[in-house]
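> A predicted structure for the sequence below; I have some questions about it.
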Amino acid sequence: MPNNGYSNLNGLDAKTEEKLQARMKPANVSGPHHLYHLDGKCFKHRDLKYEYVFCPFNNITQEDIQAFYEPYKGVLGVWLDWEIRDNKFAAMRMVEGSSCAMHNHRTTKVEIVCGARSELVSVSEPEKCRYSAKFVTPEVCGTNAMVVYPRLSTELRHMWDVLETDRSYGDITEKGYQKELDRIMMAAGYVVSPEVQSSLLEKASSEKRKSCKDELEEARRRINELEEELRMKEDIIVELEGKVN
């Protein structure tokens with residue numbers, strides 16, 4: 001079955017996928033500006049067993065299309081940040097998906113590569129609860145389309161230059177280099193700190209509690225309406241019985 005890229009097709013968009021009650025709020029849109037228009041769009045891929053829906057900068061979901069009774073549908077990850085390799089935006093990191101095995105949650109790394117049209121072409125599970133997906137798009141086919149350095153501020157580029165010099169002279173370990181590089185990417189907003197990720201989890205939890213409270217209030221309101229309706233009907237019956245007698 002062919003893959004289909006779509007936006008708001010048959011009413012399905014990023015907001016539709018959020019109804020699965022994701023554990024985490026998506027992080028802010030970041031990275032190359034020419035990809036920002038993908039926010040709010042979704043792309044579908046089917047294999048023999050599952051249908052996957054990838055909504056860039058939002059989430060990726062999975063639905064069992066073989067099961068006849070209560071088919072599984074869950075979140076494989078919520079947008080967090082970029083994996084940066086060799087000075088390029090290489091993949092979108094989607095984390096804190098639906099529960100998987102003991103005390104684990106599904107995560108997905110979505111590789112972004114050049115292709116003739118924007119589409120989700122594959123999803124696999126190389127490790128339990130850890131998924132790998134490939135999204136192709138002509139948006140990243142240019143030589144510098146996904147290069148990080150030119151998109152940094154002058155200050156952050158200078159910091160990276162100094163870091164590279166220290167590395168070349170052996171003044172910093174590889175581990176130390178990567179730690180400082182992560183700090184630069186955090187400052188640019190391309191990589192999310194653990195503190196920000198915790199904040200996104202707390203926001204989702206707070207909204208879920210608020211949603212449950214709203215649903216409870218709505219149920220109570222409906223019960224009161226039904227009780228009032230029942231009392232009115234009982235009064236009418238009593239009145240009619242009086243007239244008959």
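Nice, I can see it. Numbering: from 1, shown residues only.
> switch to C-alpha atoms for all contacts and neighbour counts from now on
Noted.
> which stretches of this structure aren't confidently modelled?
Across the chain, the ranges flagged by pLDDT under 70 are 1-20, 204-220, 224-225, 227-229, 232-245.
> Which of the residues in the strand ranked longest in the chain are classified as buried?
Within the chain, and with DSSP state E defining each element, the longest strand by residue count is strand 73-85. For strand 73-85, a neighbour-count test (16 or more other C-alpha atoms under 10 Å) marks Lys73, Gly74, Val75, Leu76, Gly77, Val78, Trp79, Leu80, Asp81, Trp82, Glu83, Ile84 as buried.
> okay, that strand in PDB with CA atoms only?
C-alpha atoms of strand 73-85 as PDB (Å, rounded to 0.1, in the frame of the first residue of the first chain):
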ATOM      1  CA  LYS A  73      -3.500   2.800  19.400                       C
ATOM      2  CA  GLY A  74      -0.800   4.700  21.200                       C
ATOM      3  CA  VAL A  75       1.700   7.500  21.100                       C
ATOM      4  CA  LEU A  76       5.200   6.500  20.000                       C
ATOM      5  CA  GLY A  77       6.700   9.900  21.100                       C
ATOM      6  CA  VAL A  78       6.100  13.600  21.500                       C
ATOM      7  CA  TRP A  79       8.300  16.200  19.900                       C
ATOM      8  CA  LEU A  80      11.200  17.300  22.100                       C
ATOM      9  CA  ASP A  81      14.200  18.500  20.100                       C
ATOM     10  CA  TRP A  82      16.800  17.800  17.500                       C
ATOM     11  CA  GLU A  83      19.500  15.200  17.300                       C
ATOM     12  CA  ILE A  84      22.500  17.100  15.800                       C
ATOM     13  CA  ARG A  85      25.200  15.200  14.100                       C
END
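> C-terminal to that strand, what's the next element?
Downstream of strand 73-85, the first helix or strand assigned by DSSP states H and E is strand 88-95.
> quick check: angle from that next one to strand 73-85?
150 degrees (axes from the mean of the first three to the mean of the last three C-alpha atoms, to 10 degrees).
> Paired strands for the longest strand of the chain, with orientation please.
Strand 73-85 has the following strand partners under DSSP bridges: strand 59-64 (antiparallel), strand 88-95 (antiparallel).
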